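Student: how does the following fold in three dimensions:
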Amino acid sequence: MTVNRRIVLAARPDGAVKPEHFRLEEVPVPAVPDGHLLVRNRFLSLDPYMRGAMNDRKSYRQPQKIGDTMVGGTVGEVVESRHPKFAAGDVVVGGFGWQHYGLSDGGGGLRRVDASRVPMQAYLGVAGMPGVTAWVGLNRIIAPKAGETVVVSAASGAVGSVVGQLAKAQGCRVVGVAGGEAKCRIVVDEFGFDACVDYKAGRLEADLAAATPGGIDGYFENVGGAVLDAVLGRMNAFGRIAVCGLIAGYNDEPIPVQRFNSVLINRLKIQGFIVSEVPDAWPPALAELAAKVADGTLKYRETIAKGLDSAPAAFIGLLRGENLGKQLVSLD
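Tutor: Got it, this is the predicted structure:
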């Protein structure tokens, strides 16, 4: 009997996530009925939204149930198919979660991808959901014009690094905010941002002001807290803010924002968005992102943990900002 290894939610965290909130289980690999296919997952995506799913309170998605396999995006190979649209050997992106095998009826957003053109794991990052998130927030909400200044928080991450490169290609001045000198150096030297503010250096407001002498026209929000407050103090009239995440408050209560009056004073547009709710954006975004990755014009970084057992620690590290670029788990 082939065994499927999976990690389930063992308990809901109150505050910081800890290893004891997860449990590793071994269960039989399911049989494949007519109209279904079995996928051997090769990479698992770890993303901040998973922290919200661990809570039992109102959010934009249903809470993760205790004892269920942890949610998450995956990419892998079809090992058995009784489905007319998929064949053994196809590489597919799906949402099978923290486990080695996944059974599908072909629905639920499962899609075939070309791993000869783009590395399969990139379809979980720069050429996948995080990339589309960057594309939607920048193009549909911030809608920058050439010459404007766009600031991006979590600029070294899977989403922020793409936002900055796309904005730069549209002729904007792009300023990142990241934690630590090493990350800021990569944001500027590899991802091509004009400047990067190290929020850990203790000079957030002064450094942000120096990097944005003409103010800020667009802001892509991943963090919240002190970074959002500092940015609100630099926004220009009729600025636009796309709110993708507020990771600074995910483990604890959200940090209050003191400068909310800037919204009225500067007539700001602030819009939160969930990328899964913008289905019409996915085809053009995925096509553009994959083309840019294939021709080398869109740079990306990955942090890859080895083995399913490493997923809890890697996820905890992600919430602490320890990863660079896209956080993945190799399931081979």
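Student: ok, the nearest residue to Arg42 once chain neighbours are set aside - contacts?
Tutor: Leaving aside its chain neighbours, Arg42 sits nearest to Gly76 (4.6 Å; criterion: C-beta to C-beta, 6 or more residues apart in numbering). The C-beta positions use only the backbone N, C-alpha and C, and glycine is treated the same way. By C-beta atoms under 8 Å, 6 or more residues apart in numbering, the contact list for Gly76 reads 39-43, 91-92, 94, 96, 102, 120, 331.
Student: Val163 in helix, strand or coil?
Tutor: Under the three-state scheme (DSSP: H, G, I helix; E, B strand; the rest coil), the conformation of Val163 reads as helix.
Student: let me see the contact set for it.
Tutor: Val163 sits next to 134, 137-138, 150, 152, 155, 220 when contact means C-beta under 8 Å, 6+ apart.
Student: isn't Leu38 right up against Thr2?
Tutor: No - applying C-beta atoms under 8 Å, one finds Leu38 not in contact with Thr2, separated by 9.8 Å.
Student: list the residues that contact both of the two?
Tutor: Counting by C-beta under 8 Å, 6+ apart, the contacts common to Leu38 and Thr2 are 29, 101.
Student: out of the two, which sits in the busier spot?
Tutor: Per other C-beta atoms under 10 Å, whichever of Leu38 and Thr2 has more neighbours is Leu38, with 24 against 11.
Student: any idea how far the residue lying closest to the more buried one once chain neighbours are set aside is from Phe43?
Tutor: Nearest non-adjacent residue to Leu38, counting by C-beta to C-beta, 6+ apart: Glu80, 4.4 Å away. Glu80 sits 20 Å away from Phe43, going by C-beta to C-beta, to the nearest Å.
Student: neighbour count: these two, which is higher?
Tutor: Shown here are Glu80 and Phe43; by other C-beta under 10 Å, Phe43 has more neighbours (24 against 17).
Student: can you count the residues close to Tyr101?
Tutor: Applying other C-beta under 10 Å, we find 23 residues neighbouring Tyr101.
Student: got the contact list for it?
Tutor: Contacts of Tyr101 were listed using C-beta under 8 Å, 6+ apart, and they are 2, 4, 29-30, 38-41, 79.
Student: at 10 Å what do you get?
Tutor: Counting by C-beta atoms under 10 Å, 6 or more residues apart in numbering, Tyr101 touches 2-6, 27-30, 38-41, 74, 76, 79-80, 331.
Student: in which helix or strand does the closest residue in space to it that isn't next to it in sequence reside?
Tutor: Closest residue in space to Tyr101, ignoring its immediate chain neighbours: Asn4 at 4.4 Å, by C-beta to C-beta, 6+ apart. Taking DSSP states H and E as the criterion, Asn4 maps to strand 3-9.
Student: so Ile265 is in contact with Met235, correct?
Tutor: Yes - between Ile265 and Met235 there is a contact under C-beta atoms under 10 Å: 8.9 Å.
Student: more neighbours: which of these two?
Tutor: Taking neighbours as other C-beta under 10 Å, Ile265 and Met235 compare with Met235 leading, 25 against 12.
Student: low-confidence stretches in the stretch 51-200 of the chain?
Tutor: By pLDDT under 70, the low-scoring segments of the stretch 51-200 of the chain are 59-60.
Student: strands of that one, residue ranges please.
Tutor: Listed in chain order, the strands of the stretch 51-200 of the chain (DSSP state E, counting those that start in this stretch) span 74-81, 91-94, 101-104, 111-112, 149-153, 173-178, 195-198.
Student: sheet partners, orientation included, of the first one?
Tutor: Strand 74-81 has the following sheet partners, assigned by DSSP bridges: strand 37-45 (antiparallel), strand 91-94 (antiparallel).
Student: state the distance from Tyr123 to Val136.
Tutor: Going from Tyr123 to Val136 by C-beta to C-beta gives 17 Å.
Student: who has more neighbours out of those two?
Tutor: Tyr123 (27 against 22).
Student: return the residues in contact with the more buried one.
Tutor: With contact set as C-beta under 10 Å, 6+ apart, Tyr123 has these partners: 43, 45, 73, 75, 91-93, 111, 113-115, 129, 131, 286, 289-290, 293.
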